[in-house]
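Student: Here's a sequence, model it:
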Amino acid sequence: MSLIQLTSIKRWLFLHGRRHPVELHAWDLVLTAWVLGWVALPALLLIHAWIFLPLCPAGFMLPGFYAQWRLRLHHSGRLRCDWLTAL
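Tutor: I've put the predicted structure just below:
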């Protein structure tokens with residue numbers, strides 16, 4: 001997922017956050033994990049905490065996985081996802 005796509009989803013959720021507060025908070029958690037994945041990588045390398053290194057790529061890829069999961073739920077009719085138009 002590109003930075004432009006992340007920004008457009010965040011912008012859509014910021015504009016429509018009153019009607020979709022749970023989605024806004026869920027996306028904030030996803031973006032927090034994404035930032036933590038990038039920030040934690042050099043720190044974990046410096047302190048030699050090799051066991052936690054697999055969490056960094058998981059954080060990198062979480063926004064894409066979350067968007068695909070929501071897209072799949074939207075297409076199956078289980079969950080309506082209005083911010084898909086932002087992609």
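Student: Report the buried residues of stretch 60-68.
Tutor: Within stretch 60-68, the residues that count as buried by 16 or more other CB atoms under 10 Å are 62-63, 66-67. Placement of C-beta: from N, CA and C, glycine included.
Student: would CSV of those with pLDDT be doable?
Tutor: Shown next, in CSV, are the buried residues of stretch 60-68 (pLDDT from 0 to 100):
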residue, pLDDT
62, 95
63, 94
66, 95
67, 94
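Student: Just to be careful, could you list which of those residues are in strands?
Tutor: Secondary structure assignment by DSSP state E places none of the buried residues of stretch 60-68 in strands.
Student: I'd like the average pLDDT over the lengthiest helix in the chain.
Tutor: Under DSSP state H, the helix in the chain containing the largest number of residues is helix 21-46. What helix 21-46 shows for mean pLDDT is 94.
Student: and that helix, how far out from the chain's middle?
Tutor: Distance, stretch centre to chain centre, for helix 21-46: 8 Å (CA atoms, centre = their mean, to the nearest Å).
Student: for that helix, which positions count as buried?
Tutor: Of the residues in helix 21-46, those buried (16+ other CB under 10 Å) are 23-24, 27, 30-31, 33-34, 37, 40-41, 44.
Student: Tell me which other helices or strands that helix touches.
Tutor: If you count contacts as 3 or more CB pairs under 8 Å, 6 or more residues apart in numbering; DSSP states H and E, helix 21-46 packs onto helix 3-15, helix 55-76.
Student: I'd like the ones you listed laid out as CSV, including distance to residue 87.
Tutor: Listed next are those as CSV, based on distance: least, CB to CB, whole Å:
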stretch, distance to residue 87
helix 3-15, 6
helix 55-76, 7
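Student: wait, which of those is closest to residue 83?
Tutor: Nearest to residue 83, of all those, is helix 3-15, at 4.7 Å by CB to CB.
Student: List of residues touching the closest one?
Tutor: For helix 3-15, contacts defined as CB atoms under 8 Å, 6 or more residues apart in numbering pick out 20, 23-24, 27, 31, 34, 63, 67, 82-83, 85-87.
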